[in-house]
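**Q** Here's my sequence, what's the structure:
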Amino acid sequence: MDLIVENLAAIDHKLSQRHIDLDPGGYFIIYLDKDARLIYAKHFTNVIDDRGLAIDPETGKVIPARERVERTYTTVFSARTAKELCVKIFEETQPSPVTQLDHAAYLGREFVRAEVALITGQEYVQD
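**A** Next up, the predicted model:
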């Protein structure tokens, strides 16, 4: 069983190294409120420049991927499950803040990871 888990982890790690185009609809910061038993997703807008970098529409500056940045979110979504969060973002919000299918797939995976962490009491760190 451990060999299977290691193989799956290796596949995921390798795929995490690929290039992805950023969603011009914006990005999400996902976190848990364990006391309230909720998954939260804060949505932030951005503009993608001709280099493929995310730009803060308010400041015109590049949004760093690995640094903490103080920005104003546009919307906060919360739900009890990954599915409920997906319905709120992709079905009930029009137009959807997600404009790319690969971004939607990524969010779905992250929401499930967050839900599992919420159920099991584990820490959740967004990938």
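**Q** Could I get the contacting residues of the spatially closest residue to Phe77 that is not a sequence neighbour?
**A** Distances taken as CB to CB, 6 or more residues apart in numbering place Ala41 nearest to Phe77, at 4.6 Å, with adjacent residues excluded. From N, CA and C alone the C-beta is placed, and that goes for glycine too. Ala41 is in contact with 28-30, 76-78, 85, 89, 107, 111, counting by CB atoms under 8 Å, 6 or more residues apart in numbering.
**Q** ok, now with 6 Å
**A** Ala41 makes contact with 28, 30, 77 under the criterion CB atoms under 6 Å, 6 or more residues apart in numbering.
**Q** What of Ser96?
**A** Neighbouring residues of Ser96 by CB under 6 Å, 6+ apart: Phe90.
**Q** can you check Ile48 too?
**A** By CB under 6 Å, 6+ apart, the contact set of Ile48 is 22, 24.
**Q** quick one: it from Leu118, how far?
**A** Distance, Ile48 to Leu118, by CB to CB, to the nearest Å: 32 Å.
**Q** So which of the contacts of Ala41 are in strands?
**A** In strands, defined here by DSSP state E, the members of the contacts of Ala41 are 28, 30, 77.
**Q** My guess is the second one contacts Glu110. True?
**A** Put plainly, it is Ile30. Yes. If you go by CB atoms under 6 Å, Ile30 and Glu110 touch, sitting 5.4 Å apart.
**Q** Spell out which residues are contacts of both of those two.
**A** Overlap of the contact sets of Ile30 and Glu110 (by CB under 6 Å, 6+ apart) consists of Gln126.
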